[in-house]
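A.B. asks: Just a sequence and a predicted model for now, questions to come.
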Amino acid sequence: MKHTLGKQERLKSRKMIGKLFEEGASIKKFPFRLVYLKTTHTSKFPVQASFSVPKRNFKKAVDRNRIKRLIREAYRLEKKNIFAGSKFHCVFMITFIGKKEPVFSEVQEKIQELLKLFIETQTNKENA
């Protein structure tokens, strides 16, 4: 798996995003919330991801964009460890729910924990 986060790996479809929030389940690991939905999609990658930061907590677009950039970079670095050999296809949205602007090391650590928690919930559901 490449160390990139290309166009095929990003969730862009408005229909899929709407379906994700209607039918999806969520996991929280402060300061992030992951909403996921197991589904088939047209991408060759096992996961399509999207990232958001609420305007309510960060009024300036510059701040929101910086936080999204940090989240994308942390996800890009951690996805190879987490999704190597995954057997399921899903889409998900990672939302920043904190009130303070984060530091990259904190973001990377929490994204790693969030993705591990996601994998654990999926393996528990398959085993049950």
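C.D. replies: Alright, I've got the coordinates. Only a predicted model underlies this, so the values are computations on that prediction, with no experimental measurement involved.

A.B. asks: now the helices: where do they sit in this protein?
C.D. replies: For the chain, the helices defined by DSSP state H occupy 14-23, 61-82, 104-127.

A.B. asks: Tell me which of those lies nearest to His3.
C.D. replies: Across these, His3 has its closest neighbour in helix 61-82 (6.6 Å, CB to CB). The way it works is simple: take the backbone N, C-alpha and C, and place the C-beta from them, glycine included.

A.B. asks: residues in contact with that closest one?
C.D. replies: The contact list for helix 61-82, computed with CB atoms under 8 Å, 6 or more residues apart in numbering, reads 1, 3-5, 32, 47, 49, 51-53, 55, 58, 94, 96, 101-102, 104, 107-108, 111-112, 115-116, 118-119.

A.B. asks: tell me the mean pLDDT over that helix?
C.D. replies: Average pLDDT, helix 61-82: 91.

A.B. asks: what does stretch 31-47 give?
C.D. replies: Averaged across stretch 31-47, pLDDT comes to 86.

A.B. asks: which residues sit against that stretch?
C.D. replies: By CB under 8 Å, 6+ apart, stretch 31-47 touches 8-9, 16, 19-21, 23-28, 48, 71, 79, 83, 86, 88-98, 102, 110-111, 114, 118.

A.B. asks: Show me which residues of it are buried.
C.D. replies: Under the neighbour-count criterion of 16 or more other CB atoms under 10 Å, stretch 31-47 has Pro31, Phe32, Arg33, Leu34, Val35, Tyr36, Leu37, His41, Ser43, Phe45, Pro46, Val47 buried.
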